[in-house]
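Peer 1: sequence first, then the predicted structure:
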Amino acid sequence: MTVQTQDPRSVPAASPRISSRPDGAPIKTTSAPLGRELTAMGILTALRRRWIPALAIGIPAALLVTAALWELIPAQFETSVIMKIEERDPRLVFQEVQQDHDYLAYRKSQVNYFMSRQVLTAALRNPQVAECPTLKSVTYPVEWLMTKLKDDENISPQFMRISMEGQYPRDLALILNAIKDSYLDQTVYMTKNEKIEELRRLENQFDEVNRKVEAAQARIDKLAENLGTGDPKTAIIQQNLIQDELDDLAGRLREVNTQVRYQEAARASLQQLGMQPNQANADGLLGLVAPAAPAAGANPAEAMQRELLMIRLKISQFESQIRNPNHPDLLALKKQEQQLSILVNGGNPAVPGATPLSRLDALKRTQEQLSAEIELQKQRLAEFNARTIELESEKRKIEADIKLRDTLLDQRNQRQVELNAPDRISTVQEANIPEEPQMKKKVQFALVGGLATFGFIVCGFTLFEWFSYRVGSATDVSGEVGLRLVGTIPSPDKGGLLGLGIFAGKVDYDEWNRAVTESMDVVRTFLMRHIDPSRPASILVTSASANEGKTTVSCQLAASLARTGKRVALVDCDLRRPSAHLMVDGRQGPGLSDFIRGEATLDDIRQQTQAPGLTFIGAGQVDQRTLQLLAVDGGRALIQQLKSHFDFVIIDTSPMLFVAEPSMLAQNADIVMLSTRKDYSRVPYVIQARDSLRSLHVPLLGAIMVGADSDFQRETYGYQQEVVRMSQV
């Protein structure tokens, strides 16, 4: 029997070659994929492959870490201080209109201030706090306290709960209460200082405005004293009195002017008659020639007497209204009274030898006095009007200052009262000495540490297996590796749920042997399609790495071919680590190595097996000379000689990527098949072996997967079960 294609060395270069591609297309060398998508199924598959070592190492390590953390982490005590924060600043009596501020922001600022460096530094000034065991060994106590103080955000917004954890319960209560006292001292101190400063500012403003009001009031009092009254109505009455008096003086002056003209006309008439005017005749003539006048003014002396009476009446009325005896108007009236008394009495009667005045002289003197009095009254009226206007102006100016002074006085009184109001922040609960440690966190730390260790180890094994990129299914051979899948061989694993052996049935090894036989018969059928049954053929089985089932495939394939009645030779060419003799119950030597060195003949190394038609040739005692002789022609002569005695020569070689013998023998074999193992063969290595074989232009038929069916113990077709039952009858 021969393969359909001849030996590559005996045919022209253009002749077709057996290829692992179904269409026999030209062979292209490809590289291993650079990466793949991380999927949940891929992670589960990786975990399934490594769950035993992962659990074997992860569980003890997790228990060890949990126990270590339980012993190393001390039990923590916890204490807390609770403080109440009023929404607004408390007031005793006066309720001011306050602006709406963000209360939560204010609370947050107070929490930050409680944990601030300023407050903590002030608390550490307490010798008991600084020397306590908790802080004595701490290099930077302020920074340490900043990390230990915790704010409970789950409490009501009106309260502030600050807690602290540690090993020493007494130290916790001491430290936290010291921090609380420092915070309250500084908070209350600052608040009181602000209130006192505000009160001082109001007092200064009040004093300044009050001095201004007092100065203006003094000016108003002086103006009122000059006017004789500060009442506007009284001032108007006095102004009217002065005006009336001025009008009366003007009327009297007109009367006196008339009398003076009469007297002067009378004197002129006497002089024309040649009479020497004197006091007697002048006065008599004046009495005769004077025109008729009102009864009140017929006699100037009587008129002056009446005027004197009227002035005295005004003085009496003025004294009854104005209590000031030195009032200018009162003094002016008294002066007029004195002058009229002199005129009415004809001089000064109290002075002996005084010469009485004539009527004309008396009238002229009265005329002069009235004119002077009118000018004086006009000045008084002008001064009175000016002072009245100035008084009104000062009163208008002082009104705004008085209102401001009253407002400042009210505010000052409010601040004085509210200075004793309760504080906005008060203590609800001081930090007490905790009695029981908080075991919950210790348990949590220990469990989390153990679980983290277990997860880390399991994830480490899983990721290591994932990045190993192993062949996980039959589709990986054709899809990821790019090789034709010639056949599969089941492995007697536990199977079950996810391949973890969960809910797995009992393994029936007789059933497994029958499944392997069926699988290899399928491979044999595929193989026979690619060889010429009239010519002998050599079939080389190799793998990318060790322990990928190449020896199993070689032995099972040889047995399957022998069952067809052909002469089959199973040759163990794994000269480095021979193991085929163990599977066929043969011996290692003398074998192939001895035959290559010429130390034994073919009949000496042939071993008959239990399978009819199957001959086994062991590896023999390999040495360096054997390897050198094999490298001379790559085993061509050896294979040709074996083919002359057998129909099929099955060559079991070493792993492809480790030694050179598989590459040399593959170049002289008729068909090459690559063995892969599920969940063991690594895709990059298989691809590398594939590319190496393709680069040698060897007839690579495809790959066989070992362990593809993990649940072979399930029922197969009924006819096989029927055959088994018939064989048992």
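Peer 2: That came through, no problem.
Peer 1: which residues sit against the helix or strand Val119 falls within?
Peer 2: Using DSSP states H and E, Val119 sits in helix 117-124. With contact meaning CB atoms under 8 Å, 6 or more residues apart in numbering, helix 117-124 is reached by 113, 129-130, 135, 141-142, 145-146, 175, 178-179, 181-183, 185-186. From N, CA and C alone the C-beta is placed, and that goes for glycine too.
Peer 1: pull out the buried residues from it.
Peer 2: Val119, Leu120, Ala122, Ala123, Leu124 (16 or more other CB atoms under 10 Å).
Peer 1: can I assume Leu184 is in contact with Ile425?
Peer 2: Yes: with contact taken as CB atoms under 8 Å, Leu184 and Ile425 are classed as touching, separated by 7.0 Å.
Peer 1: thinking again about what came up before, continuing past the helix holding Val119, what's the next helix or strand?
Peer 2: As the chain continues past helix 117-124, the following element, by DSSP H and E, is helix 127-130.
Peer 1: other residues contacting that following helix?
Peer 2: Contact with helix 127-130 is made by Ala123, Leu124, Leu135, Lys136, Pro141, Leu174, Ile175, Ala178, as judged by CB under 8 Å, 6+ apart.
Peer 1: buried ones among these?
Peer 2: For the contacts of helix 127-130, a neighbour count by 16+ other CB under 10 Å gives the buried set as Ala123, Leu124, Leu135, Pro141, Leu174, Ile175, Ala178.
Peer 1: quickly name whichever of those is closest to Ile539.
Peer 2: Of all the buried ones among the contacts of helix 127-130, Ile539 sits closest to Pro141, with 81.3 Å by CB to CB.
Peer 1: ok, now which ones touch the closest one?
Peer 2: Pro141 neighbours (CB under 8 Å, 6+ apart): Leu120, Leu124, Ala130, Leu135.
Peer 1: one more: Leu540?
Peer 2: Leu540 makes contact with Ile651, Thr653, Pro662, Leu665, Ala666, Ala669, Ile671, Val672, Met673 under the criterion CB under 8 Å, 6+ apart.
Peer 1: how close does the fourth one get to Leu642?
Peer 2: According to CB to CB, to the nearest Å, Leu665 stands 12 Å off from Leu642.
Peer 1: neighbour count for those two, which is higher?
Peer 2: Remark: of Leu665 and Leu642, Leu665 carries more neighbours, 25 against 22, as counted by other CB atoms under 10 Å.
Peer 1: tabulate the contacts of helix 127-130 in TSV, adding columns for secondary structure.
Peer 2: Formatted as TSV, the contacts of helix 127-130 follow (DSSP: H, G, I helix; E, B strand; the rest coil):
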residue	secondary structure
Ala123	helix
Leu124	helix
Leu135	helix
Lys136	helix
Pro141	helix
Leu174	helix
Ile175	helix
Ala178	helix
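Peer 1: gap between the two ends of stretch 643-660?
Peer 2: Distance across stretch 643-660, first residue to last, is 23 Å (CA to CA, to the nearest Å).
Peer 1: how long is stretch 106-120 end to end?
Peer 2: 20 Å.
Peer 1: starting at the chain centroid, how far to that stretch?
Peer 2: Centroid separation for stretch 106-120 versus its chain: 18 Å, with CA atoms, centre = their mean, to the nearest Å.
Peer 1: just to revisit the earlier point, which of the contacts of Leu540 fall within helices?
Peer 2: Pro662, Leu665, Ala666 (DSSP state H).
Peer 1: in CSV, list the C-alpha atoms belonging to the helix or strand encompassing Ala689.
Peer 2: Assessed by DSSP H and E, Ala689 sits inside helix 683-695. Extracted C-alpha coordinates of helix 683-695, given in CSV (Å, rounded to 0.1, in the frame of the first residue of the first chain):
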residue,chain,number,x,y,z
VAL,A,683,-2.7,27.2,21.3
PRO,A,684,0.4,29.3,20.6
TYR,A,685,2.7,26.2,20.9
VAL,A,686,0.4,24.1,18.6
ILE,A,687,0.4,26.9,16.1
GLN,A,688,4.2,27.1,16.3
ALA,A,689,4.5,23.3,15.7
ARG,A,690,2.0,23.6,12.8
ASP,A,691,4.0,26.4,11.2
SER,A,692,7.3,24.5,11.7
LEU,A,693,5.8,21.5,9.9
ARG,A,694,4.4,23.6,7.1
SER,A,695,7.7,25.3,6.6
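Peer 1: and the next helix or strand past that helix?
Peer 2: As assigned by DSSP H and E, the chain's next helix or strand after helix 683-695 is strand 700-706.
Peer 1: coming back round to it: pLDDT of the helix holding Ala689, averaged?
Peer 2: Regarding helix 683-695, the rounded mean pLDDT is 90.
Peer 1: may I see the buried residues of it?
Peer 2: Val683, Pro684, Tyr685, Val686, Ile687, Gln688, Ala689, Arg690, Asp691, Ser692, Leu693, Arg694.
Peer 1: so what pLDDT did Thr258 get?
Peer 2: Confidence score, pLDDT, at Thr258: 85.
Peer 1: who are the packing partners of the host helix or strand of it?
Peer 2: Element membership for Thr258 (DSSP H and E) is helix 232-272. Contact analysis of helix 232-272 by 3 or more CB pairs under 8 Å, 6 or more residues apart in numbering; DSSP states H and E lists helix 279-289, helix 300-321, helix 328-344, helix 359-418 as its packing neighbours.
Peer 1: now with 7 Å, please.
Peer 2: Here helix 232-272 touches helix 279-289, helix 300-321, helix 359-418, going by 3 or more CB pairs under 7 Å, 6 or more residues apart in numbering; DSSP states H and E.
Peer 1: Pro74 - that's part of a strand, no?
Peer 2: No: Pro74 is assigned coil when assessed by three-state DSSP, not a strand.
Peer 1: spatially, what comes nearest to it if we skip its sequence neighbours?
Peer 2: Gln167 (5.2 Å; CB to CB, 6 or more residues apart in numbering).
Peer 1: before we move on, what about Arg690?
Peer 2: In space, and not counting its chain neighbours, Arg690 is closest to Leu483: 5.9 Å by CB to CB, 6+ apart.
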